[in-house]
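**Q** sequence isn't available, so here's the structure alone:
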Ligand SMILES: Cc1cc2nc3c(=O)[nH]c(=O)nc-3n(C[C@H](O)[C@H](O)[C@H](O)COP(=O)(O)O)c2cc1C
């Protein structure tokens, strides 16, 4: 699939049909996430995957109730975290964005992951509302990391239109 096709065809999927996801597909997605640029190549993103039925159900219990409903039948969840206090810091001091570059780097890697999932024929949903402490306990995530997003991964059982985007003149300034 051409890159631009994947960019334009990716949708947030909120209804899934049951499917097993081979682990090598998940590894391929995480490998592509690793290729994203990061602050001084600090690579502070980490990935935790719920793949067994039990782990998937445990993860669904960590989600906001509306997200739990939307993720019935998913084949996996991928939790991304950031190792704190590294990306966006110079001699231990943050830039004007505070710790913003941590999540910036994480987002770059997540988009690579989503586009690879699209190319492999999967639907995805990024979720920002979840119970972080419960997820940290489930995967034994150390306090040096913050949970950023949870990504549902599976076979789409719906084919939504792209939500409206702003017009270019609303977002683009050229001098
Ligand atoms: C950081 C972030 C958090 C999000 N959280 C949720 C969420 O909790 N539940 C949900 O259904 N969608 C969530 N979304 C998906 C957005 O609503 C979606 O990307 C947006 O409406 C554009 O639609 P599209 O992804 O199909 O292009 C989230 C997206 C991002 C980037």
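**A** Yes, it's here. None of these values were measured; they are calculated from a predicted model.
**Q** report the buried residues of the helix ranked longest in the chain.
**A** Across the chain, the longest stretch assigned as helix under DSSP state H is helix 100-119. The neighbour-count check on helix 100-119 (16 or more other Cβ atoms under 10 Å) flags 101-119 as buried. The C-beta positions use only the backbone N, C-alpha and C, and glycine is treated the same way.
**Q** and the helix or strand just after it with helix 100-119, angle?
**A** As assigned by DSSP states H and E, the chain's next helix or strand after helix 100-119 is strand 123-127. Angle, strand 123-127 to helix 100-119, by axes from the mean of the first three to the mean of the last three Cα atoms, to 10 degrees: 160 degrees.
**Q** any residues touching whichever helix or strand comes after strand 123-127, and which ones?
**A** Per DSSP H and E, strand 123-127 leads on to helix 132-139 as the next helix or strand towards the C-terminus. For helix 132-139, the external contacting residues (Cβ atoms under 8 Å, 6 or more residues apart in numbering) are 48, 50, 55, 58, 59, 61, 62, 79, 141, 146, 147, 150.
**Q** so how far is helix 132-139 off the chain centroid?
**A** 16 Å (Cα atoms, centre = their mean, to the nearest Å).
**Q** buried ones in that helix?
**A** 135, 136, 138, 139.
**Q** could you find the closest non-adjacent residue to the first one?
**A** In other words, residue 135. Leaving aside its chain neighbours, residue 135 sits nearest to residue 62 (4.9 Å; criterion: Cβ to Cβ, 6 or more residues apart in numbering).
**Q** give me the number of residues near the one you found?
**A** As a burial measure, residue 62 scores 23 neighbours (other Cβ atoms under 10 Å).
**Q** contacts only, for it.
**A** For residue 62, the contacting residues are 130, 131, 134, 135, 138, 150, by Cβ under 8 Å, 6+ apart.
**Q** make CSV out of these and add pLDDT and distance to residue 2.
**A** Below are the contacts of residue 62 laid out as CSV (pLDDT from 0 to 100; distance: Cβ to Cβ, whole Å):
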residue, pLDDT, distance to residue 2
130, 98, 33
131, 98, 38
134, 98, 39
135, 98, 35
138, 98, 37
150, 99, 28
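**Q** which of those residues sits closest to residue 18?
**A** The nearest member of the contacts of residue 62 to residue 18, counting by Cβ to Cβ, is residue 150 at 19.2 Å.
**Q** next SSE after the strand or helix carrying that closest one?
**A** Element membership for residue 150 (DSSP H and E) is strand 145-156. Using DSSP H and E, the helix or strand that follows strand 145-156 in sequence is helix 168-171.
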